[in-house]
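Asks: here is a sequence together with a model predicted from it:
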Amino acid sequence: MISTKPLPFAKVRVTFTLERDSPPGSTSVVGCFNGWTPGRHVLRGRSNGKRSTSVVIPAGTSVSFRYLTEGGVWSDDPAVRERDPQGNPHITV
């Protein structure tokens, strides 16, 4: 699940949320906002039984991303239907 929150100065907080164990193992979100670098935005467990991480980006930005779980397993957010030309989940905030 992806949620967004407008911030001052034309910024948006984008929060990426997954179930705690799906996919299993340590998972990070990688995308154009972090140079597709694994481990920079690791999803952390929350008290609501889910795990999440957030990034702040300029409003109006298009973002492509995927989830990378330990062992090199890639997955997509099931709630995001739009894809970029490479097939990655894609949103505009």
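Replies: Cool, the structure landed.
Asks: list the strands paired with the helix or strand encompassing P6, with their directions.
Replies: Using DSSP states H and E, P6 falls within strand 2-7. Sheet partners assigned to strand 2-7 using DSSP bridges are listed as strand 11-19 (antiparallel).
Asks: and the strand holding P6, which residues are buried?
Replies: Buried positions in strand 2-7, judged by neighbour count with 16 or more other Cβ atoms under 10 Å: I2. Bear in mind the C-beta positions are built from the backbone N, C-alpha and C, glycine included.
Asks: for the chain, just list every one of the helices.
Replies: Listed in chain order, the chain contains no helices at all (DSSP state H).
Asks: any regions of it where pLDDT drops low?
Replies: Of all residues in the chain, none has pLDDT under 70.
Asks: quick one: residues in contact with stretch 22-35.
Replies: For stretch 22-35, contacts defined as Cβ atoms under 8 Å, 6 or more residues apart in numbering pick out 16, 18, 36-43, 51, 53, 55, 57, 61, 63-71, 73, 75, 88.
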